[in-house]
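J.: For reference, the sequence and a predicted model appear below.
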Amino acid sequence: MHTPMILLPDRVYILRDRRNQTIKTNREEYNIYFENVIFPYLPGYDVQVDCKYGRNLGHFWRIDDFPDESGFPLAIRVFDNFTGELLCEKETTVFLAASRQHERRFTLLAIGDSMTQSEVYLEHVAMKLKNLDFVGTRSFNGIVRHEGRGGWSSSTFMEKTGDRYGMSPFLFPDGVAPEEYYGEISFMENAGAEDSADTYVFDGFTHEEINGRAYLKDEKLMRETDVIDSAPRFRFDFGGYLKRWRIPTPDAVSILLGCNDLASKSYSDYKPALDRLIGNIKAMIDSIRKACPTVKILIMTPIPGGSGYAWGLSRGCFGSAAMFRHIIAHTADRLISEFGSHEDEGLFIVSSHMTIDPVYGYKNDTRKANIHSEHQVFVNTDGIHPNHAGYRQMGDALAGAVEAVRS
């Protein structure tokens with residue numbers, strides 16, 4: 001039997017309920033689902049939790065009644081239920097933080113893929129925390145702003161200079177001041193426009209006029225009708241991003257990437273893509289730190305995905321949900337090993353992979369078991385994306401980390 005991995009960082013941040021509630025109106029709950037934190041999670045495993053608080057409810061640990069302490073240790077142990085052998089164990093420290101009224105406002109920039117573009121987990125954080133502002137170039141609801149791009153990988157943010165379907169807001173051509181760069185012309189003309197061709201791609205932006213700035217067209221850098229550079233070189237420049245888009249300096253930046261880097265990979269070829277993901281995140285961190293030395297950086301772990309049924313609905317016969325979970329488990333393990341235990345450097349792991357319900361946290365429906373049956377069965381219908389409940393569980397994880405780093 002292979003030794004399982006326990007995907008548990010050294011620190012877990014949990015937003016607790018408010019103390020001293022005569023009538024309890026503020027309730028919080030945090031879950032660690034064993035299927036998400038233990039890989040592989042097999043029927044023959046006995047999972048035990050050593051902790052003074054919370055409850056081991058069989059397939060997950062839950063805390064919804066919080067102690068007065070600001071933190072406590074928690075250990076997960078995995079036994080072979082047949083032999084009684086201890087297969088592995090790992091300990092973490094849980095840090096509790098309560099949402100409170102801070103004297104100064106706190107700004108958060110969220111970078112991510114379609115899960116960030118959906119805004120649901122960010123809205124949840126906005127509702128839970130006080131004096132919190134979101135910054136970014138995109139917003140659909142006017143409540144939260146962000147840099148969420150559906151279908152994008154870490155490499156897209158690092159490399160997509162632009163076409164009519166999008167451009168990385170962090171990339172700038174050499175030789176042109178960020179404030180003087182308009183962007184890729186076909187995308188910018190549609191972004192935020194009322195008659196844009198594709199609302200998923202173009203909505204959420206503020207439409208801008210070019211006003212004499214340099215722009216990219218057909219991979220050439222131009223100003224007015226003149227070609228400035230026929231083969232421009234671009235750089236990822238977080239400081240330039242703040243200047244170009246007039247973004248206030250954030251107090252924290254969250255990064256949720258990895259799903260699109262790895263969803264099309266297999267057992268045999270995912271490791272180079274995982275290396276690229278780690279390298280891209282490191283490059284992002286370096287650029288962010290250069291522009292904002294004191295910023296807190298929150299690395300969110302990607303979620304493991306839904307059932308095999310849901311995977312087949314969207315992917316047909318490509319791969320399997322089990323293979324995707326294998327890849328995402330190794331991704332979470334790598335993110336924790338690379339970026340965990342660096343809190344003194346302002347770098348924090350947000351364990352979003354642990355907190356999402358593996359069954360009821362993804363989009364679901366009831367359907368006939370088969371064409372001849374009248375029996376209705378519960379099924380997941382999306383192998384990647386959460387439902388609103390799952391997004392809120394992700395928001396619980398992020399809210400705990402944000403409140404902890406601002407305290």
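T.: Everything's here; your move.

J.: Could you tell me which residues make contact with Ser186?
T.: By CB atoms under 8 Å, 6 or more residues apart in numbering, the contact list for Ser186 reads Gly162, Asp163, Arg164, Lys217. Bear in mind the C-beta positions are built from the backbone N, C-alpha and C, glycine included.

J.: What subset of those residues is buried?
T.: Gly162, Arg164 (16 or more other CB atoms under 10 Å).

J.: I'd say Ile327 and Leu262 touch.
T.: Yes. Counting by CB atoms under 8 Å, Leu262 is a contact partner of Ile327 at 5.1 Å.

J.: Name the nearest residue to Gly361, sequence neighbours excluded.
T.: The spatially closest residue to Gly361, leaving aside those adjacent along the chain, is Gly390, at 3.1 Å (CB to CB, 6 or more residues apart in numbering).

J.: what residues are up against Met112?
T.: Careful, residue 112 is Gly and not Met. His146, Glu147, Gly148, Arg149, Ser254, Ile255, Leu256, Leu257, Met300.

J.: hey, which helix is longest across the chain?
T.: The longest helix of the chain (DSSP state H) is helix 270-291.

J.: quick one on the thing from earlier: if I look at the residue nearest to Gly361, how far off is Asn31?
T.: Distance, Gly390 to Asn31, by CB to CB, to the nearest Å: 11 Å.

J.: what touches both of the two?
T.: Common neighbours of Gly390 and Asn31 (CB under 8 Å, 6+ apart) are Asp357.

J.: So those two - more neighbours on which side?
T.: Applying other CB atoms under 10 Å to Gly390 and Asn31 shows that Gly390 carries more neighbours, namely 26 against 21.

J.: Show me which residues of the helix or strand where Asp333 lies are buried.
T.: Per DSSP states H and E, Asp333 falls inside helix 321-339. Of all the residues in helix 321-339, those buried under the rule 16+ other CB under 10 Å are 321, 324-336, 339.

J.: how about the contacts of Gly112 in CSV, adding secondary structure, distance to Thr92 and neighbour count?
T.: Formatted as CSV, the contacts of Gly112 follow (DSSP: H, G, I helix; E, B strand; the rest coil; distance: CB to CB, whole Å; neighbours: other CB atoms under 10 Å):
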residue, secondary structure, distance to Thr92, neighbour count
His146, strand, 28, 24
Glu147, strand, 30, 24
Gly148, strand, 29, 24
Arg149, coil, 32, 23
Ser254, strand, 20, 26
Ile255, strand, 21, 25
Leu256, strand, 21, 23
Leu257, coil, 23, 27
Met300, strand, 17, 27
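
J.: Most widely separated two among these?
T.: Across these, no pair lies farther apart than Arg149 and Met300, at 15.3 Å, counting by CB to CB.

J.: quick one: which of the buried residues of helix 321-339 is nearest Leu96?
T.: Ile336 (20.6 Å).

J.: So what touches stretch 143-157?
T.: So stretch 143-157 is contacted by 109-119, 122-123, 126, 134-139, 160, 166, 168-170, 200, 236, 257-258, 260-261, 276-277, 280-281, 284 (CB under 8 Å, 6+ apart).

J.: For ChimeraX, what selects the buried ones among those?
T.: The buried residues among the contacts of stretch 143-157 can be selected in ChimeraX (16+ other CB under 10 Å) with this line:
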select :109,110,111,112,113,114,115,116,117,118,119,122,123,126,134,135,136,137,138,139,160,166,168,169,170,236,257,258,260,261,276,277,280,281,284
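
J.: so what strands line up beside the longest strand belonging to the chain?
T.: For the chain, the strand reaching the highest residue count under DSSP state E is reported as strand 86-98. Here strand 86-98 is paired, per DSSP bridges, with strand 11-16 (parallel), strand 71-80 (antiparallel).

J.: And the contacts of the first one?
T.: By CB under 8 Å, 6+ apart, the list of residues contacting strand 11-16 from outside reads 28, 30, 32, 63, 66, 74, 92-99, 128, 340, 343, 348-351, 354, 396-397, 399-401, 403-404.

J.: any idea how far it is from the chain center?
T.: 17 Å (CA atoms, centre = their mean, to the nearest Å).

J.: And the last one, by the same measure?
T.: Averaged C-alpha coordinates place strand 71-80 at 25 Å from its chain's average position (CA atoms, centre = their mean).

J.: Send me it as PDB with only the CA atoms.
T.: Taking Å, rounded to 0.1, in the frame of the first residue of the first chain, the C-alpha atoms of strand 71-80 are listed here in PDB:
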ATOM      1  CA  GLY A  71      -5.300  29.300  17.900                       C
ATOM      2  CA  PHE A  72      -4.800  25.600  18.600                       C
ATOM      3  CA  PRO A  73      -3.000  22.600  17.100                       C
ATOM      4  CA  LEU A  74      -4.700  20.000  14.900                       C
ATOM      5  CA  ALA A  75      -3.300  16.800  13.700                       C
ATOM      6  CA  ILE A  76      -4.600  14.400  11.000                       C
ATOM      7  CA  ARG A  77      -3.700  10.700  11.200                       C
ATOM      8  CA  VAL A  78      -4.400   8.100   8.600                       C
ATOM      9  CA  PHE A  79      -4.500   4.400   9.700                       C
ATOM     10  CA  ASP A  80      -4.900   1.200   7.700                       C
END
